[in-house]
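>>> just to be clear, the model below is a prediction. Sequence and coordinates:
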Amino acid sequence: MTGMKLDDLDRRLIAALQVDGRASWTAIAELCETSVPTAARRTQQLIDQGVVKISVMPELGGEGPVESFMVRVRCRPGRQLAVAAELAGRPETRVVALVTGEDDIIAEVIAPRIPGYQAQTLIGLQSIPGVERLRSDLTLHVYKMTHDWSRQLLDGDDTDIDVSEPPRCDPSHLDEQDRAILKAMADDGRTSFRTVSDALGINESTVRRRYDRMHQLGCFRVLTLVAAAALGLESETMLTVRVRPSQLNSVAGELRRHRSVRYIAATLDGNALFCEVIAASTDDLFRFVTETLSSLEGVEGWSSNVELLTVKRGFVQTPWWRAEAGALLGE
């Protein structure tokens, strides 16, 4: 995907898919003001070229209670990509990104709430060849997690109307057939119900009915993965915001109204909010920190890491990361 040029229609198609990755071609065409054949053809090209990846992924909680940890990794010189690849290949990692700053990699690790399992998982990460130091911090509460951050390309608005918190699935919502349906849709989020039906040997109407029920219960998320830079959004930054303890909720409530803030969570260490911000440019990021972040009562300061390469997001490896890694190495 490195160096690929996207035009305005490509970007609008991607933005529409981030709103609803399984929307009909008719709905996508209407939203993007193009024809149905053009919407279908151009979108498939973006998928085939590895610019976009659409996946259906279960929400947390469907297999039982879990905890989330933000993990910061410092690597030995020259080992950053190898460590990132190893982390991305582990099923417990939901996010893996190479970053600037004191640490080389920031990852999110999801571990079942089983005595001893979390310690075993985190200690095991330290044995990855090339890891020099690893720090982990428990995520106490997620205020916002969104994958439709590019919607401003459709409506030109950077304020977020929907500020609802991420859903939590419950094991009682799912049976083995439900889990099989989600697994069948993981690699291709736009796969048809007929294809899933044929693969699993169950009635198509059953697949559709179960999918709709799981959707209503918030048991999965349709992810449309794309590099922000491909959409002309130049700045992906992870901010650790120090906040007075009594004002964590109020600061988070203000920040999550901004569409450029795609993720915000309270962490246990340091009275902090961990935020991921996607901005159109460094100038926009400057305005965000000076006009928005610094003006919030209770904010005491922040540190930052610029995302250099997103290797994994939403438990899915990005289709472009290996090509971009090769470009970084001059291959």
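Done, it's in.
>>> following the lowest-mean-pLDDT helix or strand in the chain, which helix or strand shows up next?
When the helices and strands of the chain are compared on mean pLDDT, DSSP states H and E, helix 152-155 comes out lowest with a mean of 58. Next helix or strand after helix 152-155 toward the C-terminus (DSSP states H and E): helix 176-184.
>>> average pLDDT across the helix or strand hosting residue 236?
Using DSSP H and E, residue 236 sits in strand 235-243. Mean pLDDT, strand 235-243: 95.
>>> what are the buried residues along it?
Neighbour-count burial for strand 235-243 flags 235-241, 243 (criterion: 16 or more other CB atoms under 10 Å). In this view, the C-beta of every residue, glycine as well, is placed from N, C-alpha and C.
>>> return the alpha-carbon coordinates of the strand or helix carrying residue 249 using CSV.
If you go by DSSP H and E, residue 249 is part of helix 248-255. This file holds the C-alpha atoms of helix 248-255, laid out as CSV (Å, rounded to 0.1, in the frame of the first residue of the first chain):
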residue,chain,number,x,y,z
LEU,A,248,-11.2,11.9,35.3
ASN,A,249,-14.9,11.3,34.2
SER,A,250,-15.5,14.9,33.3
VAL,A,251,-12.4,15.3,31.2
ALA,A,252,-13.1,12.0,29.5
GLY,A,253,-16.6,13.1,28.8
GLU,A,254,-15.4,16.2,27.0
LEU,A,255,-12.7,14.5,25.0
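>>> residue 53 versus residue 186, what's the distance?
Distance, residue 186 to residue 53, using CB to CB, to the nearest Å: 11 Å.
>>> so what's in contact with these two at the same time?
Residues touching both residue 186 and residue 53 by CB atoms under 8 Å, 6 or more residues apart in numbering: residue 316.
>>> the buried residues of strand 235-243 into CSV, with extra columns for distance to residue 122?
Shown next, in CSV, are those (distance: CB to CB, whole Å):
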residue, distance to residue 122
235, 30
236, 25
237, 25
238, 19
239, 23
240, 19
241, 24
243, 25
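>>> tell me the contacts of the closest residue to residue 95 other than its chain neighbours?
Closest residue in space to residue 95, ignoring its immediate chain neighbours: residue 108 at 4.1 Å, by CB to CB, 6 or more residues apart in numbering. Neighbour list for residue 108: 68-71, 93-95, 139 [criterion: CB under 8 Å, 6+ apart].
>>> how about low-confidence regions in the stretch 1-150 of the chain?
1-4, 147-150 (pLDDT under 70).
>>> what segments of it are strands?
Assigned by DSSP state E, counting those that start in this stretch, the strands in the stretch 1-150 of the chain fall at 52-58, 66-75, 93-99, 105-112, 131-145.
>>> to residue 190, which of the ones you listed lies closest?
Closest approach to residue 190 among these (CB to CB): strand 52-58, 5.4 Å.
>>> neighbouring contacts of the closest one?
So strand 52-58 is in contact with 14, 17, 21-22, 43, 46-47, 169, 174, 179, 182, 185-190, 219-226, 314-316, 318-319, going by CB under 8 Å, 6+ apart.
>>> still on that earlier bit, what about residue 186 and residue 53, which has more around it?
Legend: neighbour count by other CB atoms under 10 Å for residue 186 and residue 53, higher for residue 53 (22 against 16).
>>> what's across from the more buried one in the sheet?
Residue 53 has these beta-bridge partners by DSSP bridges: residue 225.
>>> start the count at 44 instead of 1 going forward.
Fine by me, first position is 44 from now on; the one you just mentioned is residue 96.
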